[in-house]
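Undergrad: need a 3D model of the following:
(one chain, ligands or ions: 1)
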Amino acid sequence: MVRNIVVLGGSSHPDLVNTVCHLLGIPNGRITLSKFAVGETRVEIQDSVRGKDVFVIQSGCGKVNDHLVELLITISACKTASAKRVTAVLPHFPYSRQSDIPYNKTGAPLSKAPTYNGGKNDFTFESRPGTPGPMDSPGLGVSHGGLEKELSRIALERGADGGVNGADRGKSHPPTPLRRTNTADSPSAASSVNVNEWVPPKGTGYKQWVAQAGTLVADLLTCAGADHIITMDLHDPQYQGFFDIPVDNLYGRPLLQRYIKYNIPDYQNAVIVSPDAGGAKRATAIADALGMEFALIHKERRPTRITDRQNATMMLVGDIAGKVAILVDDMADTSNTITRAAKLLKGKGGATRVYALVTHGVFSGDAIDRINASALDKVITTNSVPQDQHKRLCDKLVVLDVGEVFAEAIRRVHHGESISVLFRND
Ligand SMILES: O=P(O)(O)OC[C@H]1O[C@H](OP(=O)(O)OP(=O)(O)O)[C@H](O)[C@@H]1O
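TA: Modelled structure (predicted):
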């Protein structure tokens with residue numbers, strides 16, 4: 001039984017909250033989460049947190065934006081109710097994929113938007129303009145009808161070619177109309193991003209503005225009053241540097257490694273495969289620890305728009321013919337990456353069996369259907385986000401429990417003990 005500690009759960013992952021409280025031997029902190037009719041979040045904390053060490057557990061899944069706001073309000077409520085320390089526990093950290101700038105091949109992002117001054121161009125290709133204002137940026141604060149007309153007119157006047165990257169420059173294309181993407185039906189990353197997808201006319205020098213939401217989310221958590229963050233397998237470990245409070249980034253690696261060791265027959269002769277260059281370090285760490293071979297799939301998506309992510313070209317570097325391939329990645333969202341990788345590994349690669357091990361099985365939209373129809377033999381994930389429903393729909397899915405890791409991390413942080421023991425890989 002741990003004393004002077006309160007564990008509160010947001011609405012994203014009640015099972016994990018129950019497990020953690022059970023393992024710590026404490027009752028769940030009492031909290032009421034509700035909504036006003038308009039959709040605003042309302043939080044009421046029923047236990048006194050005065051002078052207490054408070055941990056708020058909320059994972060980045062489901063209605064991820066609602067859950068984020070719920071977390072921020074809860075943290076703030078605890079602070080104003082005189083909690084001694086508030087730790088945000090985010091088993092899967094929302095927005096951590098958005099800490100960098102996707103269109104950075106040719107240098108820093110543009111910092112000023114183009115001005116639509118009657119079709120006259122007042123900037124060059126080398127311009128480094130400032131942050132788009134509400135009236136400057138496509139899709140922000142301007143009535144869509146008027147904006148579409150204006151942009152189409154500019155495109156027509158300039159004989160647009162639609163190129164946003166080097167590869168497209170110089171080619172001749174017809175003027176590019178505005179396209180609207182319907183975001184209502186699919187929660188997948190690729191289909192939910194664009195409100196207006198506008199390809200700028202040739203020679204304007206304007207590259208689409210992409211917000212670095214990761215920075216904002218880090219600031220929001222700190223401003224709300226978080227004193228400490230506990231999370232697991234951040235998409236980009238450098239994201240910790242966005243915070244000026246301690247961040248404990250736990251590893252899912254020991255769990256995944258244990259699965260390989262004890263559940264994959266003849267695992268020493270299998271090959272660990274990273275489905276993209278970004279995850280190579282994570283995958284090689286496992287391959288090295290288990291003395292296994294390593295291969296890499298090169299996934300090319302950066303130079304183009306975010307909507308092209310699903311069409312990225314994949315190329316296998318390494319030999320997996322006649323072997324078992326074990327894909328290792330930090331997360332599966334739409335599952336496009338792992339299913340396409342599996343197709344490549346079993347098809348051209350000649351792998352006999354393909355496993356995918358991902359820490360965060362978000363499985364948005366039709367991800368589970370995609371896995372069921374894929375060449376993947378098994379998908380192993382953790383319950384850093386709820387998996388009950390996914391498990392019911394997918395026989396290939398194996399779920400590893402992170403409850404113990406988070407409970408132990410909370411216990412150790414509370415007592416001021418080192419958490420490095422949690423990084424052991426045996
Ligand atoms: O299931 P999916 O929808 O395919 O998403 C999963 C992929 O997304 C992330 O990488 P990302 O594409 O952001 O590339 P990066 O590693 O270059 O940042 C993640 O590391 C996976 O590889």
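
Undergrad: now do the same contact list for the residue of the chain found nearest the ligand.
TA: Ranked by Cβ to the nearest ligand atom, the top residue of the chain for proximity to the ligand is residue 278, at 2.8 Å. For glycine as for every other residue, the C-beta is placed from the backbone atoms N, C-alpha and C. Residues in contact with residue 278 (Cβ atoms under 8 Å, 6 or more residues apart in numbering) are residue 236.

Undergrad: setting aside sequence neighbours, what's the nearest residue to residue 335?
TA: residue 367 (3.9 Å; Cβ to Cβ, 6 or more residues apart in numbering).

Undergrad: so the one you found makes contact with residue 332?
TA: Yes: counting by Cβ atoms under 8 Å, residue 332 is a contact partner of residue 367 at 6.6 Å.

Undergrad: more neighbours: which of the two?
TA: residue 332 (26 against 23; other Cβ atoms under 10 Å).

Undergrad: which residue packs closest to the more buried one, ignoring adjacent ones?
TA: residue 358 (4.6 Å).

Undergrad: so that neighbour sits in a strand?
TA: Yes: using DSSP: H, G, I helix; E, B strand; the rest coil, the assignment for residue 358 is a strand.

Undergrad: neighbours around it, how many?
TA: Residue 358: 27 neighbours (other Cβ under 10 Å).

Undergrad: pLDDT score for it?
TA: At residue 358, the pLDDT value in this model is 98.

Undergrad: residue 376: how many residues sit nearby?
TA: 25.

Undergrad: and if you look at the one 5 residues further on?
TA: As a burial measure, residue 381 scores 26 neighbours (other Cβ under 10 Å).

Undergrad: quick one: what helix or strand has it in it?
TA: Using DSSP states H and E, residue 381 sits in strand 378-382.

Undergrad: quick one: mean pLDDT over that strand.
TA: pLDDT averaged over strand 378-382 gives 98.

Undergrad: also stretch 271-280?
TA: Mean predicted lDDT for stretch 271-280 stands at 92.

Undergrad: kindly report the same for stretch 284-302.
TA: pLDDT averaged over stretch 284-302 gives 88.

Undergrad: OK, contacts around the nearest residue to residue 23 once chain neighbours are set aside?
TA: Ranked by Cβ to Cβ, 6+ apart and with sequence neighbours excluded, the top spatial neighbour of residue 23 is residue 407, at 3.7 Å. Residues in contact with residue 407 (Cβ under 8 Å, 6+ apart) are 19-20, 23-24.

Undergrad: that's a helix at residue 407, yeah?
TA: Yes: under three-state DSSP, residue 407 sits within a helix.

Undergrad: and it, what pLDDT?
TA: Value listed for residue 407 in the pLDDT field: 97.

Undergrad: so how far is residue 391 from it?
TA: Distance of residue 407 to residue 391, given as Cβ to Cβ, to the nearest Å: 21 Å.

Undergrad: list phi and psi for residue 76.
TA: Dihedral angles of residue 76 (phi, psi; degrees, to the nearest 10) stand at phi -60, psi -40.

Undergrad: likewise the one 4 residues further on?
TA: Dihedral angles phi and psi of residue 80 (degrees, to the nearest 10) take the values phi -70, psi -20.

Undergrad: which element is residue 325 on?
TA: Residue 325 belongs to strand 324-332 when assigned by DSSP H and E.

Undergrad: low pLDDT regions in the stretch 1-150 of the chain?
TA: 1, 100-150 (pLDDT under 70).

Undergrad: contact residues of it facing the ligand?
TA: residue 97 (Cβ under 6 Å from any ligand atom).

Undergrad: could you pull out the strands in the stretch 1-150 of the chain for me?
TA: Remark: strands assigned in the stretch 1-150 of the chain by DSSP state E, counting those that start in this stretch are 5-9, 31-35, 41-45, 53-57, 85-90.
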